[in-house]
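Colleague: Next come a sequence and a model predicted from it.
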Amino acid sequence: MPAGVFKERYAELMAHLRYPIHWAGLALGVAVLALLPLAGAYSVSLAADAAVFLIAAIGLNITTGLAGQISLAQGALMGVGAYAVAKTVEALAAGGHSVAGMALLLIPAAGLAAAAVGLLLALPSFRLKGYYLAMASLAAQVLLVYIFKTIIDPQQGITMPDEAKTVADIYFGDGYPMYYLVIAITAVMALAAANIGRSSVGRAMKAVRDNDVSASIVGIDVARTKALAFALGAFYAGIAGALYALTNNSVAWDAFELATSIDLLAMVLVGGAGRIIWGSLLGVLLLRVVWSNLDAPLSSLGFINLVGGVDAVKYLVFGLLVAYFVVKEPEGLIGVLRRVKEYLRLWPFSY
Amino acid sequence: MRARTALIAAIVVIVVVAAAAFMLAGRGGGGATTATTSPTQTSPAASPGGGQGGKEITLNVGLLVDTSGPTSGVGRPYAMGAEAAFKYFNEKGVYTSDGVRVKLNYIKRDYGYNPTRAQQYYKEFRDQYHVVAIVGWGTADTEQLSSQTAKDKILYISASYSAKLVKQPYNFFPAPDYSTQACAAVTWMAGKKPGATLVLLYDHTVAYSKSPIPAIKAIAEKLGLKVYDVNLPLKASDADAENAIQQAAQYKPDFIWCGNTISSCSRAAKAMAKYGLDAVMVADVWGFDERFPKLTGVPEKIAGKAAGVSPWLWPEGRENQPGYRELYEAAKMLDAKVDLHFMQGFMNVWLLVKAIERTDSKTLMEKKGEALKNALESSCNGDPIKLGDITPEMRYCPGNHLPFKSSYIVVWDGKDFKFEGPITPEGVDCVKVTIEAEK
């Protein structure tokens, strides 16, 4: 019996599931996701909501974590995806065409639409870095929301008809079909993102992130890599937006305002920038799942009667959390977890 | 180093376990109140009078309010009024038509005037607490949810009186819609000065502010008023308000309509006084209340020049009139101050209580929200609904939930509020104009 795990082929070394613990984790994850519906309808909608934000956070983690291009426009890019679906369905319905299943069929198109806008956002990144790039993306965020408010959705709210969310008599806008669909798409998107991170494109992005001058010296097309990073991140945002449109009763611009972009950036920073899947997942778990569930206990504790309401408490904690991670744990929760793993590996004899 | 790592390990384990527990429990570790699936029957409970003594039904009701967002200034008294009403009616006893006592278990959530969060809380109300009714708040969120509540058959009583909601099957409110109220205001203006010039101040990006504008323009044209548009942000600063008033002054208006909420409208009135604009401002129902003169800082300068629309007589000084009496008793239970918005919250819960009283326990258990909707709609051809003397007789008809059409104009005379009316707009179907304009 070998003392440890040995890899004899490159394929084994490159596999996503390399160690027994990976298999155990996969089994546990699948079991939790499969059993979750037993906990009731509300847990299903919470999980679907978290999955939507996970996709958007993974996208932002590609742009910001992997390629180092700070983006404060991920929320607005989600909006591009959501409105691409909602407006197309609305226009088709107004033209008297059948919209059956269109909310699902248009999901890839929503990703492409957002990717096209993302490419535009990449333009300033060719000349700008750091804070200046953040400002440029902030401008894009504000501009996009302004366009949503004034041109695309002046009534604040587009509701798609039910048949747009129905395929083969199954309604995907709510309940278990919605849940399984969203989870499946999320799994596919996450797997794709994991592979992007390991590919030549992903390594080029990391090189650009770490030092763009040396990256260009070794022959990486920096501009192309940045453009790709923005387009990929935006594609993920677009898919997330389309799923948002599917899982929510209506699409309105208030869901894609600056606060959403900042939330997503915080998820990436707290979870772990550069660790595309696990970093994003931890960030979403903490800042979306635990977060949205704090309302009920905080309300019942009487914080709802404060000036500023429950949010006052939540944003206080939120601010402290982000500040703590930026100062003390720049690698995010994933870094903490890695140290825990190292500690446990040698436990109880750490020397 | 080891101790620190161990500490962090402990924290991480706690966080992960907590996250898992949250997910599995499906809600935040025990909600605000009980997790009763409603309606549940518990027995025995004291039940004075009534056929089926001993039975009691508990109904979960969602209370969706803004106590921290941009409309919290009026949202807080509204929420207080609704809570007072729940306590008052629970204590007094709510009975179905066959005498079964109903306990109202309300779950309060503050959505900060953010429709997206309203949708999340709606899912919590529906999937976690299985509510039969929701007492809600703003225009954008209520309109966005209206198709969903119709699908889920949940009665939705809102503080938004948007004209669009009049045609929605599960939306109710005990007032004329915003457009009909605004039309009453224009009718009042035309009666004061025929051929007058009217400037419309409102936020051109906010659904609530925009919704009555087409109806105002339609009835103004019919009554021979000249109308101009000026943008005034909902979150206006003094500078925004002065800018808007200076734009308005170019048209030499006789009247100004303010379609925002009170902070924005009172700033505009203050700017009117500052620039000596000689016009009468009429604000909508959320733009004018007891605090208005004080908020402008110049209550004596705006005497006779500031007014508002109100579908009901305000509660001040009416402690002994039917309806208002109950309101004051409820306020006493919470030690709260009674004002217009407190009354609006109270009235919405009262309307829900009226719905319960008009249905029998069997139908209520079987059809839940649908039973309540049918109960309110039975007023169409049957007995009208009246909330004491606060409202006139109200009739909700299937497909047309406009309970009455008249409104008062409340004028600040420098010392007190004077009520003129009630005024019923005629000649233009203000609801229809609004809905068609939005298509």
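Modeller: Alright, I've got the coordinates.

Colleague: From residue B:239, how far out is the residue nearest to residue B:296 when sequence neighbours are not counted?
Modeller: The spatial neighbour of residue B:296 that comes closest, neighbours along the chain excluded (CB to CB, 6 or more residues apart in numbering or on different chains), is residue B:270 at 4.3 Å. For the C-beta atoms, the positions are set from N, CA and C on the backbone; glycine is no exception. The spacing between residue B:270 and residue B:239, counted by CB to CB, to the nearest Å, is 12 Å.

Colleague: Between the two, which has more neighbouring residues?
Modeller: residue B:270 (21 against 10; other CB atoms under 10 Å in any protein chain shown).

Colleague: returning to that earlier point: my read: the residue nearest to residue B:296 touches residue B:238, true?
Modeller: Yes - Residue B:270 is within contact range of residue B:238, at 7.2 Å (criterion: CB atoms under 8 Å).

Colleague: And the helices in the stretch 51-200 of chain B?
Modeller: B:72-92, B:115-123, B:139-152, B:178-192 (DSSP state H, counting those that start in this stretch).

Colleague: could you dump these to a markdown table with mean pLDDT, mean neighbour count and distance to residue A:301?
Modeller: Below are those laid out as a markdown table (pLDDT from 0 to 100; neighbours: other CB atoms under 10 Å in any protein chain shown; distance: least, CB to CB, whole Å):
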| stretch | mean pLDDT | mean neighbour count | distance to residue A:301 |
| --- | --- | --- | --- |
| helix B:72-92 | 90 | 22 | 16 |
| helix B:115-123 | 88 | 24 | 17 |
| helix B:139-152 | 90 | 23 | 25 |
| helix B:178-192 | 90 | 25 | 36 |
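
Colleague: Turn those into JSON lines, columns for distance to chain A.
Modeller: Output for the helices of the stretch 51-200 of chain B, formatted as JSON lines (distance: least, CB to the nearest CB, whole Å):
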{"stretch": "helix B:72-92", "distance to chain A": "8"}
{"stretch": "helix B:115-123", "distance to chain A": "4"}
{"stretch": "helix B:139-152", "distance to chain A": "4"}
{"stretch": "helix B:178-192", "distance to chain A": "15"}
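
Colleague: and residue B:438, which of those helices is closest to it?
Modeller: Checking the helices of the stretch 51-200 of chain B against residue B:438 by CB to CB gives helix B:139-152 as the closest, at 9.6 Å.

Colleague: Direction-wise, compare that closest one with helix B:115-123 and give the angle.
Modeller: Orientation of helix B:139-152 against helix B:115-123 (axes from the mean of the first three to the mean of the last three CA atoms, to 10 degrees) gives an angle of 30 degrees.

Colleague: got the angle for helix B:139-152 vs helix B:178-192?
Modeller: 130 degrees.

Colleague: Contacts for helix B:139-152, please.
Modeller: With contact meaning CB atoms under 8 Å, 6 or more residues apart in numbering or on different chains, helix B:139-152 is reached by A:156-157, A:159, A:162, A:249-250, A:252, A:254, B:64, B:111, B:113-115, B:118-119, B:122, B:126, B:134, B:136, B:155-156, B:158, B:160, B:162, B:164-165, B:168-171, B:206-208, B:211, B:369.

Colleague: Please list all residues in contact with residue A:118.
Modeller: Taking CB under 8 Å, 6+ apart as the criterion, residue A:118 is in contact with A:77, A:230, A:231, A:232, A:233, A:234, A:235, A:237.

Colleague: How about the secondary structure of residue A:156?
Modeller: Secondary structure, DSSP: H, G, I helix; E, B strand; the rest coil: residue A:156 is coil.

Colleague: separation between it and residue A:275?
Modeller: Going from residue A:156 to residue A:275 by CB to CB gives 37 Å.

Colleague: Pretty sure the residue nearest to residue B:296 sits in a helix.
Modeller: Yes - counting by three-state DSSP, residue B:270 falls inside a helix.

Colleague: mind checking how far it is from residue B:203?
Modeller: Between residue B:270 and residue B:203 the computed distance is 18 Å (CB to CB).

Colleague: Which parts of the stretch 101-250 of chain A are strands?
Modeller: A:166-167, A:170-171 (DSSP state E, counting those that start in this stretch).

Colleague: Apologies, that question was intended for the stretch 251-400 of chain B.
Modeller: Assigned by DSSP E, counting those that start in this stretch, the strands in the stretch 251-400 of chain B fall at B:255-258, B:280-283, B:306-310.

Colleague: Please list the residues of the stretch 251-351 of chain A that sit near chain B.
Modeller: A:252, A:254-255, A:285-286, A:289-290, A:292-300, A:304-305, A:307-312, A:333, A:336-337, A:339-340, A:343-344, A:350 (CB under 8 Å from any CB of the partner chain).

Colleague: ok, for the residue in the stretch 251-400 of chain B that chain A sits nearest to, nearest residue in space, not its chain neighbours?
Modeller: For the stretch 251-400 of chain B, the residue closest to chain A is residue B:334, as judged by CB to the nearest CB, at 11.4 Å. Spatially, and ignoring its direct neighbours in sequence, residue B:334 is nearest to residue B:84 (4.6 Å; CB to CB, 6+ apart).

Colleague: hmm, back to that, when you check the contacts of residue A:118 against the helices, which ones overlap?
Modeller: Counted as lying in helices by DSSP state H, out of these, are A:77, A:230, A:231, A:232, A:233, A:234, A:235, A:237.

Colleague: count of residues packed around the fifth one?
Modeller: Other residues near residue A:233 come to 32 when the count uses other CB under 10 Å.

Colleague: do the fourth one as well
Modeller: Residues contacting residue A:232 under the criterion other CB under 10 Å number 25.

Colleague: Residue B:408 belongs to a helix?
Modeller: No - counting by three-state DSSP, residue B:408 is not found in a helix; it is strand.
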